[in-house]
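In: turn this into a structure:
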Amino acid sequence: MPWRVFRFIFCMIPIFWNFLKDLVWEDLSLEEIRTNYLFGKANAYDQANFLRRAVRVCKEMLRRDPNCIPVFLNLGGLFYRRGMYETAIPYYEKVIRANPKHYQGHYWLAMCFWKLQRYHAAINTLEEVIQFLPTFKDALNLMGECYEQIGEAAKAEHCYLKAISADPNGIITHGGVLGSWAQEKRKEERIKH
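Out: Residues are numbered from 1 along each chain as shown. Next up, the predicted model:
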């Protein structure tokens, strides 16, 4: 599939430019320059749909720093975007083990559980993040979705109302926004506060 190779080359152009800029004009260590380049290269492989190569680059970064949260998030995202939620879960769990208050790690772990229709696991994960970040509207909204799916309408409404009050713009989306199968059931609703 030559189009993927061309897409990779096209995606690498800004990476090479940033590498040159980091090398010449930025005051960065060689290790920081290398890390930036490898993240860019992994993302270029991802955009060109070369999953194995992107994973290989990320694992190369983990050999130098085995507890690198951004690499764990990147690996989780690689698999999440391809619908490989079970494979993404361990990477998000590693984020949480490395930093128990990493709200994005909790959120994306809950999203994986949501996609796998493991709503109780998603709720437990979201409760942890909401405990230390009570105004995280996306987590509150997702928790409302989970409660809605398991038939606990009162709890779902409570979560939605908390999400609405946490939303600085007064707009929150709920009702089938997270899964394509749910989107087919009903259209997206917007509630203004």
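In: how about low-confidence regions in the protein?
Out: Scanning the chain for pLDDT under 70 picks out 1, 168, 170-193.
In: name the nearest residue to Glu93, sequence neighbours excluded.
Out: Closest residue to Glu93 apart from its sequence neighbours, by C-beta to C-beta, 6 or more residues apart in numbering: Leu109 at 6.4 Å. The way it works is simple: take the backbone N, C-alpha and C, and place the C-beta from them, glycine included.
In: what is the strand or helix carrying that neighbour packed up against?
Out: Assigned by DSSP states H and E, Leu109 belongs to helix 103-115. Here helix 103-115 touches helix 69-81, helix 85-98, helix 119-132, helix 137-149, going by 3 or more C-beta pairs under 8 Å, 6 or more residues apart in numbering; DSSP states H and E.
In: who's in contact with the first one?
Out: Contacts of helix 69-81 with the rest of the structure, by C-beta atoms under 8 Å, 6 or more residues apart in numbering, involve 39, 42-43, 46, 51, 54-55, 58, 61-62, 65, 85, 87-89, 91-92, 94-95, 98-99, 102, 104-105, 108, 111-112.
In: selecting buried members of the residues you listed in PyMOL, what would you type?
Out: Typed into PyMOL, the next command selects the buried ones out of the contacts of helix 69-81 (criterion: 16 or more other C-beta atoms under 10 Å):
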select buried, resi 39+42+43+46+54+55+58+61+85+87+88+89+91+92+94+95+102+104+105+108+111+112
